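Visitor: Sequence and computational prediction follow.
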Amino acid sequence: MKFTKMHGLGNDYVYVSTFDQKEPADLGALAIAVSDRHFGIGSDGLIMITPSERADARMRMFNTDGTEGEMCGNGVRCVAKYVHDHGIAPRPRVTIETGRGVLTLDLEVEGGKARRVRVDMQTPILQAAKIPTTLPGEPPIDAPLTIEGHPLGVTAVSMGNPHAVVYVDDVTRFPVERFGPLLENHVTFPKRVNVHFAEVVGPGEVRMRTWERGSGITLACGTGACAVCVAGILTGRTGRKIIAHLPGGDLELEWPGDGQSVFMTGPATEVFSGEWPD
Ligand SMILES: N[C@H](CCC[C@H](N)C(=O)O)C(=O)O
């Protein structure tokens, strides 16, 4: 099996294209094997790039625990770069089918390679039942939740996959590895949830750290940064356009208005290619 290692801001996946080879069996088990950082290739999961009847390509993402997620923001930028740079769709605007429908992506191309990608991430999903969460509110905004005696305020948003955003005073010192898994598996999130702790730096700037559903701590989360952009507007903490500082680097986010798409801009990087033994 041929694969390519790519990342968006250090959120790294093993990318496998079925444009030129057949699809491996049991993608969940494959994700667990390839993502192991000691016994495998090492990644935050597996992303499949497959032909689509509705777009230039279709993407499916699998976490390090083998579960499938509906969407991946850093991943979809890399998939756009892959289909562009590898000649599948060598155009500055490409479409990718995801669990959130067909997304349109605009590439900044330099020397024949895509470097940065702007993604129309579609509208946030704000109905509690569709996020899904049983927290009160449509959507839950700073909903009080006490975890092991610690009161937290949780804002929930879906970008195709579920996100919980918790604002904290000092995100650098916040114990993400302790509260992340407790929120990920909390009973109020029936499909589990991606968890983000965010600190407001200014009206157009946040610092955030992520605990991903199914993969744990990652250096960046694109759909999560979109959720933080939306949560900042819903809670009145930040404006419609922000820069999010993630451990792996910066993303630009914009939500021009209610009922409109969220736009995410950031880099996409190819690291190496190889072959995985059958
Ligand atoms: N890192 C991804 C999100 C992966 C989400 C996945 N962990 C899930 O189960 O929803 C991103 O850049 O958007």
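Guide: Great, that's in hand. Numbers count the residues shown, from 1 in each chain.

Visitor: What is the neighbour count of L152?
Guide: Other residues lying near L152 total 18 when counted by other Cβ atoms under 10 Å. All C-beta spots, glycine's among them, are computed from the backbone N, C-alpha and C.

Visitor: Get me the contact residues on the stretch 101-250 of the chain for the ligand.
Guide: Applying Cβ under 6 Å from any ligand atom, we find that the stretch 101-250 of the chain lies next to the ligand at 161, 194, 212-215, 218, 221-224.

Visitor: Who wins on neighbours among those residues?
Guide: C221 (34 neighbours).

Visitor: quick one: contacts for the nearest residue to that one once chain neighbours are set aside?
Guide: Closest residue to C221 apart from its sequence neighbours, by Cβ to Cβ, 6 or more residues apart in numbering: T210 at 4.3 Å. The contact partners of T210, by Cβ atoms under 8 Å, 6 or more residues apart in numbering, come to 176, 180, 194-197, 217-218, 220-221, 224, 246.

Visitor: again, only using 7 Å
Guide: 194, 196, 217-218, 221, 224 (Cβ atoms under 7 Å, 6 or more residues apart in numbering).

Visitor: Check for me that it belongs to a strand.
Guide: Yes. Assessed with DSSP: H, G, I helix; E, B strand; the rest coil, T210 lies in a strand.

Visitor: Is it bridged to anything, and to what?
Guide: H196, T218 (DSSP bridges).

Visitor: Can you get me a residue count around the nearest residue to R37 once chain neighbours are set aside?
Guide: Distances taken as Cβ to Cβ, 6+ apart place S43 nearest to R37, at 7.9 Å, with adjacent residues excluded. Neighbourhood size, S43 [other Cβ under 10 Å]: 23.

Visitor: Low-confidence stretches in the stretch 101-250 of the chain?
Guide: Counting by pLDDT under 70, the stretch 101-250 of the chain contains no low-confidence residues.

Visitor: can you map out the helices along it?
Guide: All helices of the stretch 101-250 of the chain, identified by DSSP state H, counting those that start in this stretch, fall at 176-184, 222-234.
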